[in-house]
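# Sequence and predicted structure, then a few things I'm wondering about:
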Amino acid sequence: MNTTSRKRSPARAPAVERSWVVPALVATVTVAAFLPVLSAGFVNFDDDRVLVRNPYLRLAWPERLRWMWSTFHMGHYQPLTWLSLSIDRALGDWNPAIFHADSLLLHAGAAVVLYALIRELLGIATGQPETTRIRVCAASGALFWAIHPLRVESVAWIAERRDPLSTLFYFLAVLTYVRSVRVGRPQLKSFRLYVLALAWFVLSILSKAWAMSLFVILTILDWYPLGRLPLHPRQWLAPRNKTIWLEKLPFAAIGLTCAVVAWAAQRSSPDTMVTLSRWPLKDRLLQAMYGLCFYPGKTIWPTRLAVLYELPSTIAGLPALYLICIVIVASVAVLAAARMTSSPWLFAVLVCYAVIVAPVLGVAQSGPQFVADRYAYLSCAPFSVLIAAGLLRLRGPAARVIAAAAAIAVAVLAGLTWRQSTFWHDSTTLWAHALDAGRPSYVAHLDYGQALRADGRIDAAIAQYREALALRPDSGNAWYNLANALKAKGDLEGAEAAYRNAIAYLSWKVEAHLNLGNLYYTRRQLGPAIDQYRAATAALDGAAAPDFTPEPYLYLGMALADSGDRDGARRALAVARRYSSTHDRAEAELKRLGG
């Protein structure tokens, strides 16, 4: 036995080395490129609403888990993402470094799985056993995806945790499926692995809905490089391929269900889905053509990346830029279709990219973004497979030159990613860069103003609010924040006018009524103050529990008491006394009234 063991050990050592050295290198380089995010904090672009001010993440675990699995909060159904964020909160309370480290580790894990997937696909496409050359090319492709600056938004933005979490499961689903089938044959090789692939898929869509089209991607892979479907699509429905289509039914059923749930989640969030009257179909189609070109373009030339490329008010006519995009998309589609059988690798990559990115091209527009760096996170992964395959085909002196160029490209991309990561250090840095890199943006000016005001730079914040209003004069949110800043500066007349404009445009008016009432109360204008407090309490009727605030009742009671309406004051203060945030002060006021 000992002799046998000694003889086998040398044979196993290289295999062990191959099994972990390259993946470890991919993970290490990936983490190194993103190190600046570990010193970043929370930003005021959804991190506050998703995490810091989210009351549901402070519930006891049983109630919190029920909420995670039943909520459409922020327009998403993502129970596993909420669970991931809750675990981070339990590990480090509200230490942003814990959240950032978890996102980075998930991204590095996704890069390692992508490496394994590319390695598997290259081996199948070439019919070669695993070689050092294949491993190097697969690592190059995985690193191109992992350390590209387009990945920074999804990794550095804590509120976008769903991207690395969902993508990790997505890559695992594809990798496991590829290993479960027989290359060139319709039969499965391992039913257990097939079921495991289905499980990874479910975990992916429970993290983010964008995995819904996976059944299409698996069908493309069955065609090439797996060779389970004939090259000519007209032969796909032959009886011998029946088992392949049956395999896709669970993926398709779950994916379509996911699409319905995602639509319902988006519709449930006020002001998230953009109406056709606001953003017509013609503009949506032009946006889709632009988006199809934007992500490959930024992949090739990743400059002026910003946290937000805001949706314009309209697209007048047919600008030259969009006409060029239409021509590019049409030309590429015709070329890929013409070379479908002679260059199946090109067709497969382009179709996979288009299928994955399709749900976020704007046809069903939600949110203020025209395009977004984060939408390239999963959709551009097929390009990494293409790059790895291209490197593998090179031979001779050209291969050495290209390999050197690839190494330089990896170093350049890592440097760009490091720099891009620094812009997420804090909110002021993030929005200053967004305004410098992107087009004029109402949201960027507004959130930059919020960040400046949090830093105590009131005058600079007021200037940003006015810039936001110049772009969108009907923004109740901008008027409200301008009013608060003017009030803090002592410009009460300007604040009063801004509050009134905010009330005219806001759909949720409680805080604006309350703050305007407080402004009148400090001036001892009790009549106007009482009117505003009553308007605030009326707006609270029927409000959901997280939106309810007892402060309007507290201040209404105080104003009524000062005006001489002691019975009305007691009724309002009795409501305020029922809530912990206003209990003590309401109790004191009631004692002052003698009841």
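Yes, it's here.
# From here on, just use CA atoms for contacts and neighbour counts.
Will do.
# what's near enough to touch the residue nearest to L416 when sequence neighbours are not counted?
Among residues not flanking L416 along the chain, P149 sits closest, at 6.1 Å (Cα to Cα, 6 or more residues apart in numbering). Contacts for P149 were tallied using Cα atoms under 8 Å, 6 or more residues apart in numbering; they are P302, L413, A414, L416, T417, Q420.
# Counting neighbours, which of those residues comes out on top?
When neighbours are taken as other Cα atoms under 10 Å, the top entry among the contacts of P149 is Q420 (27 neighbours).
# Kindly indicate which of the contacts of P149 lies nearest P96.
In terms of Cα to Cα, no member of the contacts of P149 lies closer to P96 than Q420, at 18.2 Å.
# Can you verify my assumption that the closest one contacts V152?
Yes. Shown here, Q420 and V152 form a contact pair, counting by Cα atoms under 8 Å, at 6.8 Å.
# still on that earlier bit, among the contacts of P149, list the two that are farthest apart in space.
Pairwise distances across the contacts of P149 (Cα to Cα) peak at 11.8 Å, for the pair P302 and A414.
# how far does stretch 302-311 sit from the chain's center?
Relative to its chain's centre, stretch 302-311 lies at 14 Å (Cα atoms, centre = their mean, to the nearest Å).
# helix, strand or coil for the closest residue to L231 other than its chain neighbours?
The shortest distance from L231 to any non-neighbouring residue, by Cα to Cα, 6+ apart, is to T341 (5.9 Å). With DSSP: H, G, I helix; E, B strand; the rest coil as the basis, T341 sits in coil.
# Surely T341 touches G227?
No. Counting by Cα under 8 Å, T341 sits too far from G227 to count as a contact (12.0 Å).
# Just the pLDDT at Q266, thanks.
Here the pLDDT value assigned to Q266 is 86.
# quick one: whichever strand or helix holds it to chain centroid distance?
Assigned by DSSP states H and E, Q266 belongs to helix 242-268. Between the centre of helix 242-268 and the centre of its chain there are 20 Å (Cα atoms, centre = their mean).
# Identify the residues contacting whatever helix or strand comes next after that helix?
Remark: after helix 242-268, the chain's next helix or strand is helix 281-300, criterion DSSP H and E. Applying Cα under 8 Å, 6+ apart, the contact partners of helix 281-300 are 148, 150, 314-315, 322, 325-326, 328-329, 354, 357, 361-363, 365, 370-371, 373, 376, 380.
# Is it possible to mark the buried ones in the residues you listed?
Neighbour counting by 16 or more other Cα atoms under 10 Å classes 148, 150, 315, 322, 325-326, 328, 357, 361-363, 365, 370-371, 373, 376, 380 among the contacts of helix 281-300 as buried.
# Just the ones of those in strands?
F370, V371 (DSSP state E).
# Give me the subset of the buried ones among the contacts of helix 281-300 lying in helices.
Those of those mapping onto helices are Y322, C325, I326, I328, V357, A376, per DSSP state H.
# so how far is D46 from the residue nearest to the spatial centre of the chain?
Nearest to the mean C-alpha position of the chain, counting by Cα atoms, centre = their mean, stands E160 at 3.9 Å. Distance, E160 to D46, using Cα to Cα, to the nearest Å: 9 Å.
# And for L413?
From L413 to D46 the distance is 27 Å (Cα to Cα).
# care to break the protein down by domain?
According to automatic domain parsing, the chain comprises the domains 2-280+380-415, 512-595.
# how distant is the longest one from the center of its chain?
Mean C-alpha position of domain 2-280+380-415 versus that of the full chain (Cα atoms, centre = their mean) differs by 14 Å.
# Show me where the stretch 51-200 of the chain has its strands.
Defined through DSSP state E, counting those that start in this stretch, the strands belonging to the stretch 51-200 of the chain form an empty list.
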